[in-house]
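Chemist: quick one: sequence and predicted model below, then my questions.
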Amino acid sequence: MPTIADMQLGQKATITECSSDAIPFKLLEMGCLPGNKVQLLQFAPFLDPLYLNIDDAFVAIRRETAALICIEFGPDE
Amino acid sequence: MSKQINVALIGNPNTGKTSVFNALTGLNQKVANYPGITVDKKEGLCKLPRGVKAHILDLPGTYSLNASSLDENIVIELLLNKNNKDYPDVAIIVSDVENLKRNLLVFTQIKDLEIPTILVINMADRMVSNGISLDVDYLEKALNTNIALVSARKNTGVDHLKTLIANYRDLSTEPCLNASEIDKSYFERLQNAFPNQQLYKLWLVITQDVNFGKISRQEMDVAAFKTKSKSDLKRLQQKETVKRYQFINSVLKEGQTIDASKATGLRARLDRITMHKFWGYAIFFVILLSIFQAIYDWSGMPMDYIDASFAQLSEWTKATLPPGVFTDLLADGVIAGVGGVVIFIPQIAFLFLFISILEESGYMSRVVFLMDRIMRRFGLNGKSVIPLISGTACAIPAIMATRNIESWKERLITILVTPFITCSARLPVYLIIISLVIPEGRFLGLSYQALTLMFLYLIGFGMAIISAATLNRILRFRSKSFFVVEMPSFKVPLVKNVFITVFEKTKSFVFEAGKIILAISVIIWVLASNGPGDAFNKADTIIETDHANLSQLEIDQKVAAYKLEHSYIGIIGKTIEPIIRPLGYDWKIGIGLVTSFAAREVFVGTLATIYSVGADSPETLKQKMASEKRENGLPVFTLASGISLLLFYAFAMQCMSTLAVVKRETNSWKWPIIQLIGMTLIAYFISLIAFQIIQ
């Protein structure tokens, strides 16, 4: 199953699962929940951290966290 | 009615909560774009219509009632304790019109606590540029609340908000949704076990790790509600969050329309540049460089003026007042000492100005993003950048700003290394020594002196990083590191907010530092003007018999120098001289070193006092230092001793207030003591090596 860590720059996807205990709860509260859309806006150097638009929230998270959030690609409008 | 209404301001970080607080109370506070800046309790009074008064408490920014940092705990502890004297009669949830959806999450939680709640939708002036329109009547009904559309920037809607506070008794305390539906049987059992308690409150006691007073967690455990494992609880919390968002989405679908085509793409464009892999760092570097150049270039003139004025004032005092001990104390002790602080007002004000603009504009969070990966390598966190940058102003607020770093290890390391960052108290020392030993002239348009200052900032930062990496290896404990940073939208800083920050911070620096410096200046003056035995008290006769052939003027100078050497302060300086001689310092500098363990900037005041005692010309401190000679006739302040001194001040832990705040934040004397000893040893050996090489 692909995760946010697999996303390419500018790509959009839909979150399918984010139930790992290692995901900070704060992130879920910012809208990182199943069914919500996510877009990868930017990488920092070494591809980490990642700058995302999750359900209209602008959030930066580390790659290790991103790798715990499952997605399915699309819709690309 | 004489009773004040207790009002608590609650809301996500970056919603302009503090701006609303300022608008209500008129009290001048700081507004920042970075979460966690509102760390201390901020309160104020607000006059409402019909003579009613409200006591307003500005709580730390929080995304929800699920606490993940120290700041957020404060909010929950207050809201769960009805006996707290600040327990709100009415809560104001401040939200930002651009992020209404997320801001409403905490709103629905507060509603569940059955506290009367007003919803402020702030930054209403941004609605048009973002293509947002709201059906306020509908939202009020759907959310069971009263809404105030406010623009703290344009100062609109504040009166309406005041009226709503005054009429808080009309507010409904009905929750917006029934969160217990996520696991009916569980919540039924919970309610049956504690029939007198509010259900949502019980749920918070179970899920949160904070202190609630009345109901203890042990009691909850006894009631066998621990049947839920930690990850079951988390799953349940997630369900709760999903449920709340479902409700919020359904409300906003009716009450809010967003015309995406009208939104400007400014944010995306600015993000692409400021967070760019190369340009992002280049911009950051240029910003830092400009700040240092500006501090140098813009403050030169006012500083020369202040310096000259104090020299004149001291002369004038001596000429006007009748000669005597009091006049000497005033002219040589007090005026010289205070002048040593006042002169740095221009530089410190500029420094605070730049930091405050960086914070207010939202740029600071971009730096956090750019730096996280690099900082992590050294056991720090991207969020450590904020303390490290504000540490250039003062380590005390910087150390307090580490509270929103969730990992204890990363937070501790940040606290321990922050005092290496060049703070404004070092500036006075740096500036006077740089101007003495570094030649004028320019390289690529930048003055050598500015470049030296920049270099000192860089080695301070470098030492912080090296120490962090070392501590990261030494410190054994593991703690979970995580990183979730919201990127606020860019804003043009409010002139009023920036001005207030600069004014308040500069004022407190001058007064806090001024008090210590004044006291120490007087003590030093007394110690320098008195001494034990004949060597001090009969100095004139000793010199006159030894140097009978000299002119009166020369004899006077010799007497003054001889007296100082045999005064109490001279004895102290002479005692430590053997330890500091290898670093290139004489006993007078030694006295400065001793006194600056109270605070670094005391050094300049101390030297001003020491060199003024006995001196009789209207020279500025700089001129006096430049003409200061060793016993062998060579100047005291040379390139070698100057650099050695600069390095000593760069690394040594010389600030009692910082040690006190580290003790408070780490809750033990262990860490401040380690800091004091470690940093001072590093300073000693580096200065030693530098002096011996350059000499």
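Modeler: Okay, I see it. Numbering: from 1, shown residues only, chains lettered A, B, ... in the order given.
Chemist: for the lowest-mean-pLDDT helix or strand in chain A, which positions count as buried?
Modeler: For chain A, using mean pLDDT, DSSP states H and E, the weakest element among its helices and strands is helix A:25-29, scoring a mean of 88. In terms of neighbour count (16 or more other C-beta atoms under 10 Å in any protein chain shown), helix A:25-29 has its buried residues at A:25, A:26, A:27, A:28, A:29. Glycine gets a C-beta too; all of them are placed from N, C-alpha and C.
Chemist: what does stretch B:241-261 give?
Modeler: Buried residues in stretch B:241-261 (16+ other C-beta under 10 Å): B:241, B:242, B:243, B:244, B:245, B:247, B:248, B:251, B:252, B:255, B:256, B:258.
Chemist: circling back: filter the buried residues of helix A:25-29 down to the ones near chain B?
Modeler: Subset of the buried residues of helix A:25-29 in contact with chain B: A:25, A:26, A:27, A:28, A:29, counting by C-beta under 8 Å from any C-beta of the partner chain.
Chemist: what would those residues look like in JSON lines with distance to residue B:516?
Modeler: JSON lines is the format used below for those (distance: C-beta to C-beta, whole Å):
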{"residue": "A:25", "distance to residue B:516": "44"}
{"residue": "A:26", "distance to residue B:516": "41"}
{"residue": "A:27", "distance to residue B:516": "45"}
{"residue": "A:28", "distance to residue B:516": "48"}
{"residue": "A:29", "distance to residue B:516": "44"}
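Chemist: picking up where we left off before, return the subset of the buried residues of stretch B:241-261 lying in strands.
Modeler: Taking DSSP state E, the ones among the buried residues of stretch B:241-261 that sit in strands are B:256, B:258.
Chemist: now render the buried residues of stretch B:241-261 as TSV, adding pLDDT and distance to chain A.
Modeler: As requested, the buried residues of stretch B:241-261 are arranged in TSV below (pLDDT from 0 to 100; distance: C-beta to the nearest C-beta, whole Å):
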residue	pLDDT	distance to chain A
B:241	91	6
B:242	91	6
B:243	92	10
B:244	93	9
B:245	93	7
B:247	94	13
B:248	94	10
B:251	93	15
B:252	93	11
B:255	90	16
B:256	89	12
B:258	84	9
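Chemist: hmm, which two among the buried residues of stretch B:241-261 are most spread apart?
Modeler: Largest separation among those by C-beta to C-beta: B:243 and B:258, giving 23.2 Å.
Chemist: any regions of chain A where pLDDT drops low?
Modeler: When residues are selected by pLDDT under 70, those of chain A lie in A:75-77.
Chemist: so which residues of it form strands?
Modeler: A:12-17, A:37-43, A:50-54, A:57-61, A:70-73.
Chemist: chain B too?
Modeler: With strands called from DSSP E, chain B shows them at B:5-11, B:42-47, B:53-58, B:90-96, B:117-122, B:132-134, B:146-149, B:256-258, B:442-443, B:446-447, B:484-486.
Chemist: other residues contacting the second one?
Modeler: For strand B:42-47, the surrounding residues in contact (C-beta atoms under 8 Å, 6 or more residues apart in numbering or on different chains) are B:4, B:7, B:18, B:21, B:24-27, B:29, B:53-58, B:86, B:162, B:165.
Chemist: again with the first one
Modeler: The set of residues that contact strand B:5-11 without belonging to it, under C-beta under 8 Å, 6+ apart, is B:17, B:20-21, B:46, B:48, B:52-59, B:61-62, B:75, B:78-79, B:86-95, B:103, B:106, B:110, B:120, B:165-166, B:168.
Chemist: any idea of the mean pLDDT for it?
Modeler: For strand B:5-11, the mean per-residue pLDDT is 92.
Chemist: and it, which strands flank it?
Modeler: According to DSSP bridges, strand B:5-11 has the following sheet partners: strand B:53-58 (parallel), strand B:90-96 (parallel).
Chemist: dump that strand to CSV, keeping only the CA atoms.
Modeler: The C-alpha coordinates for strand B:5-11 follow below in CSV (Å, rounded to 0.1, in the frame of the first residue of the first chain):
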residue,chain,number,x,y,z
ILE,B,5,-16.8,38.3,34.3
ASN,B,6,-14.0,35.7,33.9
VAL,B,7,-13.2,35.3,30.3
ALA,B,8,-10.8,32.8,28.8
LEU,B,9,-9.4,33.2,25.3
ILE,B,10,-8.9,29.9,23.6
GLY,B,11,-7.9,29.0,20.1
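Chemist: which residues are in contact with the nearest residue to residue B:313 once chain neighbours are set aside?
Modeler: Nearest non-adjacent residue to residue B:313, counting by C-beta to C-beta, 6 or more residues apart in numbering or on different chains: residue B:335, 5.6 Å away. Taking C-beta under 8 Å, 6+ apart as the criterion, residue B:335 is in contact with B:310, B:313, B:314, B:317.
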